[in-house]
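1. using only what follows, build the 3D model:
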Amino acid sequence: MIMSKILKILHVLFFVSFILVSCQEAPVPKPRAFFRIALPEKHYIKFDSPFPYSFQYPEYALVRLNPSSLSEPYWMNIDILRFNANIHLSYKKIDNNLSSYLDDSHKLLTKQISKATGIREDMIINTDAKVYGTIYNVKGSGVASPCQFFVTDSTRHFLRGALYFNVIPNNDSLAPVIDFLKEDIQYLLSTLTWN
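-> Just a heads-up that it's a prediction; the model follows:
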């Protein structure tokens, strides 16, 4: 009889201790996160030179001639060092060959298709400055260039551009920076004039 009372007490103690231990919060793994990216305020500088085009670019960027041996005299890079990104600009003078430049531009864009989940085209029409073209916003995590464009006056000038990051593409984590730099590209194109 005493033994059965002791067993009942032990069972009750075991049950109470089990409830007390199980009521604590169990550790839960935290989801993987990315660093918060501090975006600078937008202020622009005019690129005005003997080049056949001029525009405004962000003050946190550096304009330099394209160092490639294959580049031509009016090709340049706009380096955004803070984000390890470049906007490559290549200029061509039109001499009855606009269709070949448009074909080349489309070929370079189609290289992105295997990694792209979607491509949105937006028309660029600035009749006052005679700037016409298309900007391509390329979606997809592994896309090398999430933004490409070309503009022309359709008679003398052709300018092509592409945004690249100097890292392995992971555009899901770079999305805030990509959106931020797309605004700069839009502004560049809205201020573009032919000289």
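2. residue contacts, Phe83?
-> Residues near Phe83 by C-beta atoms under 8 Å, 6 or more residues apart in numbering: Phe165, Val177, Leu181. C-beta: built from backbone N, CA, C; applies to glycine.
3. same check on Pro169?
-> The neighbours of Pro169, taking C-beta under 8 Å, 6+ apart as the test, are Lys115, Ser141, Gly142, Val143, Ala144.
4. reformat these as TSV; add distance to Ile80.
-> Shown next, in TSV, are the contacts of Pro169 (distance: C-beta to C-beta, whole Å):
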residue	distance to Ile80
Lys115	22
Ser141	21
Gly142	21
Val143	18
Ala144	16
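5. quick one: which of these is nearest Ile135?
-> Distance to Ile135, by C-beta to C-beta, is smallest for Val143 among these, at 14.8 Å.
6. which SSE is the closest one in?
-> For Val143, there is no host helix or strand (DSSP states H and E).
7. same thing with Val138?
-> Val138 belongs to strand 131-139, assigned by DSSP H and E.
8. buried residues, that strand. List them.
-> Across strand 131-139, burial judged by 16 or more other C-beta atoms under 10 Å covers Val131, Gly133, Thr134, Ile135, Tyr136, Asn137, Val138, Lys139.
9. just the local confidence number for Trp65, please.
-> Rather than Trp, residue 65 is Leu. In this model, Leu65 is scored at 89, pLDDT.
10. count the residues that sit near it.
-> Neighbours of Leu65 under the rule other C-beta atoms under 10 Å: 12.
11. list phi and psi for it.
-> Leu65 adopts backbone torsions of phi -60, psi 150, taken as degrees, to the nearest 10.
12. show me where pLDDT drops low in the protein?
-> Applying pLDDT under 70 to the chain picks out residues 1, 14-27, 30-35, 69.
13. which strands and helices sit next to the strand holding Val138?
-> Packed against strand 131-139 by the contact rule (3 or more C-beta pairs under 8 Å, 6 or more residues apart in numbering; DSSP states H and E) you find strand 118-126, strand 147-152, helix 171-191.
14. list the contacts of Arg82.
-> Counting by C-beta under 8 Å, 6+ apart, Arg82 touches Pro40, Tyr60.
15. how much space between it and Glu72?
-> Here the criterion is C-beta to C-beta, to the nearest Å. By it, Arg82 lies 28 Å from Glu72.
16. check Asp79 too.
-> 19 Å.
17. same question for Asn170.
-> With C-beta to C-beta as the criterion, Asn170 and Glu72 are 32 Å apart.
18. contacts for stretch 187-195?
-> Identification of contacts with stretch 187-195 by C-beta under 8 Å, 6+ apart yields 42, 44, 46, 50-58, 78, 87, 124, 126, 129-131, 133, 135, 149, 151, 153, 156-157, 159, 161.
19. buried ones among those?
-> Applying 16+ other C-beta under 10 Å to these flags 51, 53, 55-58, 78, 87, 124, 130-131, 133, 135, 149, 151, 153, 157, 159, 161 as buried.
20. which stretches in the chain count as strands?
-> 44-47, 53-58, 62-65, 76-80, 85-93, 118-126, 131-139, 147-152, 157-165, 193-194 (DSSP state E).
21. many thanks, we can stop here.
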